[in-house]
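Asker: Test case, fold it:
(one chain, ligands or ions: 2)
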Amino acid sequence: MTHILAIDQGTTSTRAILFDANMAIIGQAQQEFAQHFPKSGWVEHDADDLWGTTVKTCREVLQNAGLSASDVAGIGITNQRETTIVWDKATGHPVYNAIVWQDRRTSDMCETLRAQGHEDTLCQISGLVVDPYFSGTKVSWILDHVQGARARAENGELLFGTVDSFLIWKLTGGASHVTDATNASRTMLYDIHQGAWSAQACAILDVPMAMLPDVKDCAAEFGQTTPDIFGAAIPILGVAGDQQAATIGQACFEPGMMKSTYGTGCFALLNTGQTPVTSQNRLLTTIAYQLDGQPTYALEGSIFVAGAVVQWLRDGLQIIDNARDTQPLAQSSDPSQNVIFVPAFTGLGAPYWAPDCRGAIYGLSRGSGPAEISRAALESVGFQTRDLIEAMQADIGHKADTVLRVDGGMSASNWTMQFLSDILGAPIDRPKVLESTATGAAWLAGMYAGLYPDAKTFAQTWSRDCRFEPVMTSDISDERYASWQRAVRATLSV
Ligand SMILES: Nc1ncnc2c1ncn2[C@@H]1O[C@H](COP(=O)(O)OP(=O)(O)O)[C@@H](O)[C@H]1O
Ligand SMILES: O=P(O)(O)OC[C@H](O)CO
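Answerer: Ligands and ions are numbered 1, 2, ... in the order given. Predicted structure coming up:
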C-alpha cells in the first residue's frame with residue numbers, strides 16, 4: 001500500500017490524482033460536469049454528477065496506472081467549499097440540487113438577518129460575514145422550499161453536508177456522516193472558537209442540529225469505502241476544503257505565510273497561527289487546518305471571479321478560443337488605454353460583500369477591442385488581490401513578512417502574475433508543483449497513514465519554479481489602482 005488517491009471535487013470539474021510513496025503525481029483523471037443557472041444569480045450542480053464523476057475519475061486513474069484499491073493506503077478529499085447538499089438519510093438521494101457557493105439566492109435572507117441585528121453574533125461565532133456565499137442560509141432555503149423538508153429534517157430524516165461530507169457518505173455506503181473542521185468553518189453554523197456546532201447560530205439560521213455531520217480533524221479516520229466501489233475497502237484519511245488544502249499544499253505552516261489560488265475565483269489565505277484574528281476590514285476568519293485537535297487559523301480574502309472572467313471572454317463574449325489566448329492579446333493591447341473591468345458577475349466578495357451588484361467595463365473608446373478587454377480582464381485579478389492584501393495588512397498592522405505563493409489554473413499566465421507583482425509592488429513565488437490543492441489533500445491522508453513525512457519535513461520539499469518581481473514604478477501602480485477603486489465605487493453605486 002504505497003499510494004495515496006486524492007479527490008479534488010471542484011466547481012467546474014472533478015479530478016482524481018494518484019500520488020506515489022514519494023508524493024510524486026503518477027496519474028490523473030478529470031471530468032467536467034454541467035453547471036445549472038436556473039435564474040439570474042442562481043448556480044446549482046446535480047449532486048449525483050459530483051458523485052458520478054468522483055467514482056469515474058477514481059476508477060480511471062487507478063486503471064490507467066495499473067493499480068488496484070489494495071495498492072492505496074488512503075484517500076484524501078478536497079472540495080469546493082460552502083456548496084450545500086441536503087439528502088435523504090434512508091436513500092442517500094439529494095432532496096434538491098447542490099446549491100453552489102457562487103449562488104446569491106439567499107441575498108434577501110442575509111439582508112433580513114442584518115436588519116434583525118444578527119450580523120455581529122454570527123460573525124463572532126463563525127468568523128464569517130453575513131453573505132449568501134456560506135452554507136447556512138442555503139440549507140435554510142432548501143428546508144423552506146422543498147415540500148416537507150423542514151419537518152423531515154427536524155425528525156432526523158434528512159442530512160446536510162458540504163461536498164466532502166456527501167461524498168464520504170456515499171463512499172462509505174451511508175456509514176459515516178462526517179466533515180472536517182475547515183469545511184465546517186465555512187457553514188456559518190460552526191463555532192470556530194469552541195470547535196463545535198453552534199446552537200445559537202443554528203437557531204438564528206433555523207437549521208435543525210440533527211442534520212449536521214460530526215466534525216473531525218483534517219487528518220483522521222473518516223470511514224472506509226465500501227468494497228464494491230473500487231474492488232476493496234480504502235480508508236479515507238484526509239479532508240480539507242480546497243483553499244485550505246492549497247494552503248497546506250503550499251506548505252504555509254508558519255504564521256505570516258500566505259497563498260493565493262487563482263481558479264474560478266481567487267482565495268488568499270494568511271496563516272495567523274493558533275489565535276484567530278478578527279478582521280476589521282471585512283475579511284474572514286477561518287480554520288486553515290486542524291491537526292491533533294488543534295486548529296490553526298487564517299485570515300481569508302475571497303474573490304468570486306478570477307479565472308471565471310477568462311471563461312466569460314471565451315464562452316460569453318467569444319473573443320478567445322482558449323484561456324491561453326488572453327496573454328498575447330494583453331501583450332498587443334494599446335498601453336495608453338485605461339480600460340477597467342469590474343467582473344462582479346455574481347456580486348463582489350471580500351472586502352466589499354455586495355451580492356447584488358453586477359459587473360461593468362469602464363474607459364472604452366472607439367479604439368478598444370478584444371486586446372484591451374482581455375488585458376482589463378487579467379488586470380482585474382491583480383486589482384482584486386491588492387484589495388485583499390491591503391485589507392490583510394491593515395488587519396495585522398504591518399506587511400506580511402513572507403512572499404505570496406500563488407497556484408491554480410490562472411497562475412500559469414506569466415502576464416497575469418507579472419501584473420500581480422507590479423500592482424502589489426511585491427514579489428510573487430510560483431511553485432514547481434502547481435497542484436497545491438491535491439497535494440495538500442494527499443499529504444493529509446499520507447501523513448496520517450504513516451507514508452508521508454511530518455509538516456516540517458514536507459515543507460522543505462516545497463520548491464520554486466519562478467519568482468515575479470515588480471517592474472512597474474509605484475507611482476504608476478498606485479495610479480492604476482486608484483482607477484480601479486473609482487471603478488468599483490461607481491459599480492457599487494449603480
Ligand atoms: N493560461 C491561462 N491564462 C488565463 N487564465 C487561465 C489560464 N489557464 C487557465 N486559466 C483559468 O483558470 C481557471 C481554471 O483553473 P482551476 O484551478 O482548474 O479552476 P477550478 O479549480 O476553480 O475549476 C479557469 O477559469 C481558466 O479560465
Ligand atoms: O472549486 P474552486 O477551485 O473554484 O474553489 C471554490 C472555493 O472553495 C469556494 O469557496
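Asker: Domain-wise, how is the protein divided?
Answerer: Per automatic domain parsing, the structural domains of the chain span 3-243, 250-431+463-494.
Asker: what's the closest of the ones you listed to residue 452?
Answerer: With Cβ to Cβ as the measure, domain 3-243 is the member of the domains of the chain nearest residue 452 (6.0 Å). For glycine as for every other residue, the C-beta is placed from the backbone atoms N, C-alpha and C.
Asker: for the closest residue to residue 314 other than its chain neighbours, helix, strand, or coil?
Answerer: Residue nearest to residue 314 in three dimensions, not counting chain neighbours: residue 320, with 5.1 Å by Cβ to Cβ, 6 or more residues apart in numbering. Classification of residue 320 using DSSP: H, G, I helix; E, B strand; the rest coil returns coil.
Asker: so residue 320 makes contact with residue 328?
Answerer: No: using Cβ atoms under 8 Å as the test, residue 320 is too far from residue 328 to be in contact (9.7 Å).
Asker: neighbour-wise, which of the two wins?
Answerer: The neighbour comparison of residue 320 against residue 328 (other Cβ atoms under 10 Å) goes to residue 320, with 20 against 13.
Asker: now the strand or helix carrying residue 223: how far from the chain's centre is it?
Answerer: Element membership for residue 223, per DSSP states H and E: strand 219-224. The chain centre lies 22 Å from the centre of strand 219-224; the measure is Cα atoms, centre = their mean, to the nearest Å.
Asker: swap in stretch 272-285?
Answerer: With Cα atoms, centre = their mean, you get 17 Å for stretch 272-285.
Asker: So residue 481 belongs to a helix, correct?
Answerer: Yes: under three-state DSSP, residue 481 sits within a helix.
Asker: Find me the pLDDT at it, would you?
Answerer: We have a pLDDT of 97 for residue 481.
Asker: thought it was touching residue 425?
Answerer: No: counting by Cβ under 8 Å, residue 481 stays clear of residue 425, with 9.6 Å between them.
Asker: Which one's more surrounded, the two?
Answerer: Using other Cβ under 10 Å as the criterion, residue 481 and residue 425 rank with residue 481 on top: 19 against 16.
Asker: any idea how far the more buried one lies from residue 422?
Answerer: As for residue 481, its distance to residue 422 is 10 Å (criterion: Cβ to Cβ, to the nearest Å).
Asker: How about residue 186?
Answerer: 32 Å.
Asker: which one of those two has more residues nearby?
Answerer: Ranked by neighbour count (other Cβ under 10 Å), residue 186 and residue 422 place residue 186 first, with 29 against 22.
Asker: The more buried one: what secondary structure?
Answerer: Applying three-state DSSP to residue 186 yields a three-state assignment of coil.
Asker: quick one, helices of the stretch 201-350 of the chain?
Answerer: Applying DSSP state H, counting those that start in this stretch to the stretch 201-350 of the chain gives helices spanning 227-230, 242-249, 307-311, 326-331.
Asker: tell me the mean pLDDT for the first one?
Answerer: So that's helix 227-230. Rounded mean pLDDT across helix 227-230 is 96.
Asker: Same question for stretch 342-358.
Answerer: Average pLDDT, stretch 342-358: 90.
Asker: Same check on stretch 245-256?
Answerer: For stretch 245-256, mean pLDDT rounds to 95.
Asker: still on that earlier bit, including distance to residue 434, could the helices of the stretch 201-350 of the chain go into CSV?
Answerer: As requested, the helices of the stretch 201-350 of the chain are exported to CSV (distance: least, Cβ to Cβ, whole Å):
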stretch, distance to residue 434
helix 227-230, 27
helix 242-249, 10
helix 307-311, 13
helix 326-331, 16
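Asker: Give me the neighbour count for the closest residue to residue 204 other than its chain neighbours.
Answerer: Take residue 204 and drop its neighbours on the chain: the residue closest to it by Cβ to Cβ, 6+ apart is residue 118, 5.1 Å away. The tally of other residues near residue 118 (other Cβ under 10 Å) stands at 17.
Asker: Residue 15 too?
Answerer: By other Cβ under 10 Å, the residues close to residue 15 number 22.
Asker: and residue 304, what does it touch?
Answerer: 102, 133, 265, 345, 346, 347, 348, 349 (Cβ atoms under 8 Å, 6 or more residues apart in numbering).
Asker: what's the spacing between the fifth one and residue 354?
Answerer: It refers to residue 346. 10 Å.
Asker: Those two: who's more crowded?
Answerer: residue 346 (26 against 15).
Asker: right, and the more buried one touches residue 102 too?
Answerer: Yes: counting by Cβ under 8 Å, residue 346 does reach residue 102; the two are 4.8 Å apart.
Asker: which residues do the two both contact?
Answerer: Common neighbours of residue 346 and residue 102, counting by Cβ under 8 Å, 6+ apart, are 43, 304.
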